[in-house]
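The following block contains a protein sequence and its predicted model.
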Amino acid sequence: MDSAVWEKIKDHPCFSEEAHHYFARMHVAVAPACNIQCNYCNRKYDCANESRPGVVSERLTPDQALRKVIGVANEVPQLSVLGIAGPGDACYDWKNTKATFQRVAKEIGDIKLCISTNGLALPDRVAELAEMNVDHVTITINMVDPRIGAKIYPWIFYGNRRYTGVEAATILHERQMSGLEMLTARGILTKINSVMIPGVNDEHLIEVNKWVKERGAFLHNVMPLISDPAHGTHYGLSGQRGPKAMELKALQDRLEGGAKLMRHCRQCRADAVGLLGEDRGQEFTLDRLPDKVTYDASKRETYRAVVARERGDRLAAKSEALGMVKTAGSGKSLLVAVATKGGGRINEHFGHAKEFQVYEASPKGISFVGHRKVEQYCLGGRAEDKSLDGVISTLEGVDIVLCARIGNCPEDRLKEGGIRATEAYGYDYIETAIGALYAAEFGSEPLAATA
Amino acid sequence: MAFKIIASQCTQCGACEFECPSGAIKFKGETYVIDPKKCTECEGTFETQQCASVCPVSKTCVPA
Ligand code: SF4
Ligand code: SF4
Ligand code: SF4
């Protein structure tokens, strides 16, 4: 990767898997108006407990958004990115988007600005995005064949009228491609989100991946359709199913070699706050924020210094760990689930984990393959037996779980389910632990087993 | 001759407000409302009523 690109992504948790261990994003829902309809979206729906794209509890004016961003920046030192990601379309509802970005950039000069868009209005906004230093744009592109598009988008509103069917999808497609090309021409990094809809566009996404790669997309994020009748979306109501985790992984594996894939997406709420995989949005609702806030840079600055140091350490640890995996000289691979709350370390208790990050160690190295969400096993100090069954089935295929702490009882239960767990590497860097583990498992000279 | 918004269905997205060529739509209290005195049903300006064309919820911007 060239250093100019690294400079752009090194603090961006969505554009860099490495950065997602250290940096946090926040989304503000300031642009609720939309110019298209997607079959997986129901803009009437709003729920505090739902975690999925498009869902928000609070819509903000640009002034309220500024207050919230400052409130969060003062309290969450990891904050590095402000995104506008729905519900609605940030490029269509442009007045609000622009006002928010201008206000925030004036107060917090080093925050990265980022938007998500369906692409229809994007070509009209590229020049202003570039002017405002927005250097991360996500476009949702689900098709390059308008006949498939017609099955995903019932209508678009463009040039003062509503279009439907293939005609609508053709316009959307052309606008998406030209928007992407214009961003690439200006050196703005783009991430393409595609919703995988089994039987509709799953095979077609291979074609989409080629098209976006040719047009300079930096990352391709293939996400599973979320469809539940309770959400009231067209797909939810018509019984269109979402893909299974293994179907998604199989498609992602087939896309290797095309545009680079993002595998650490959490499909966050449109008003999420915090590290990926965590949502502290409820702590920062408007009623909890002081009426007047002044930005205080101190926490963020201190944190950045710590990260710079940690990051160097972790990088060194990582290359050492890679060496251990390679010299083990084994052809085998190991699937490891890690409980972490950030910083690239194994620092979360088993019972407190809301997700596990899954890594694969093999002769090719150590790579992040995804995360698996679980229901927290320990709620308020009480261990829930039922949720442990859920955790065990979610961890299917995983060989070993690494965490900071685990009780004897869950450890035994996991073992019965064929999964080992250990706290032996608590607080180590993830890669260091996996390297040592791999060497212990498969190395020619077996090390003292710690598990 | 005017359109109205069925408040119970409105998502408060505001798209109709900025598409309306007559400035007839405003956010009042909890929802968007159309001022019947200002609404022209978009006649002479657009082929279709802009509020109804952009509204994500069917049958929400309707003839009064
Ligand atoms: S672009 Fe976003 S807000 Fe608009 S319909 Fe699609 S998912 Fe919903
Ligand atoms: S019909 Fe036309 S003029 Fe009347 S409220 Fe709707 S957009 Fe405005
Ligand atoms: S476009 Fe429809 S849903 Fe949106 S504010 Fe207007 S009436 Fe309400």
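Everything's here; your move. Numbers count the residues shown, from 1 in each chain, chains lettered A, B, ... in the order given. Ligands and ions are numbered 1, 2, ... in the order given.

Surely residue A:184 and residue A:215 touch.
Yes. Residue A:184 sits in contact with residue A:215 when judged by Cβ atoms under 8 Å, with a separation of 6.1 Å. (Glycine included, C-beta is placed from N, CA and C.)

check contacts around the residue most central in space within chain B.
Nearest to the mean C-alpha position of chain B, by Cα atoms, centre = their mean, lies residue B:51 at 4.1 Å. Contacts were defined as Cβ atoms under 8 Å, 6 or more residues apart in numbering or on different chains; by that measure residue B:51 touches B:3, B:5, B:16, B:19-20, B:25, B:34, B:61.

one more time with 10 Å
By Cβ atoms under 10 Å, 6 or more residues apart in numbering or on different chains, the contact list for residue B:51 reads B:3-5, B:15-17, B:19-22, B:24-25, B:32, B:34, B:39, B:41-42, B:60-62.

How about the residues of chain B by ligand 2?
B:3, B:20-22, B:24-25, B:34, B:39-42, B:49-51 (Cβ under 6 Å from any ligand atom).

same deal with the stretch 201-350 of chain A?
Residues of the stretch 201-350 of chain A lying near ligand 2 (Cβ under 6 Å from any ligand atom): none found.

and the residue of the stretch 201-350 of chain A found nearest ligand 2, what pLDDT?
Nearest residue of the stretch 201-350 of chain A to ligand 2 (Cβ to the nearest ligand atom) works out as residue A:234 at 24.7 Å. If you check residue A:234, the pLDDT there is 90.

pretty sure it contacts residue A:43?
No. If you go by Cβ atoms under 10 Å, residue A:234 and residue A:43 don't touch, sitting 11.8 Å apart.

which of the two has more neighbours?
residue A:43 (22 against 16; other Cβ atoms under 10 Å in any protein chain shown).

For my notes, confirm the more buried one occurs in a helix.
No. Going by DSSP: H, G, I helix; E, B strand; the rest coil, the assignment for residue A:43 is coil, not a helix.

Phi first, then psi, for the residue nearest to the centre of chain B.
Per-residue torsions, residue B:51: phi -60, psi -50 (degrees, to the nearest 10).

what's the spacing between it and ligand 1?
Distance, residue B:51 to ligand 1, using Cβ to the nearest ligand atom, to the nearest Å: 17 Å.

can you list the residues of chain B next to ligand 2 in TSV and add pLDDT and secondary structure?
Shown next, in TSV, are those (pLDDT from 0 to 100; DSSP: H, G, I helix; E, B strand; the rest coil):
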residue	pLDDT	secondary structure
B:3	93	strand
B:20	96	coil
B:21	95	coil
B:22	93	coil
B:24	94	coil
B:25	95	strand
B:34	95	strand
B:39	95	coil
B:40	94	coil
B:41	94	coil
B:42	94	coil
B:49	95	coil
B:50	95	helix
B:51	95	helix
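
Neighbour count says what about these? Which are buried?
B:3, B:20, B:22, B:24-25, B:34, B:39-42, B:49-51 (16 or more other Cβ atoms under 10 Å in any protein chain shown).

For chain B, just list every one of the strands.
B:3-5, B:25-28, B:31-34, B:61-63 (DSSP state E).

I'd like these as JSON lines, with distance to residue A:31 appended.
Below are these laid out as JSON lines (distance: least, Cβ to Cβ, whole Å):
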{"stretch": "strand B:3-5", "distance to residue A:31": "20"}
{"stretch": "strand B:25-28", "distance to residue A:31": "15"}
{"stretch": "strand B:31-34", "distance to residue A:31": "16"}
{"stretch": "strand B:61-63", "distance to residue A:31": "20"}
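
Among those strands, which comes closest to residue A:317?
strand B:25-28 (54.2 Å; Cβ to Cβ).
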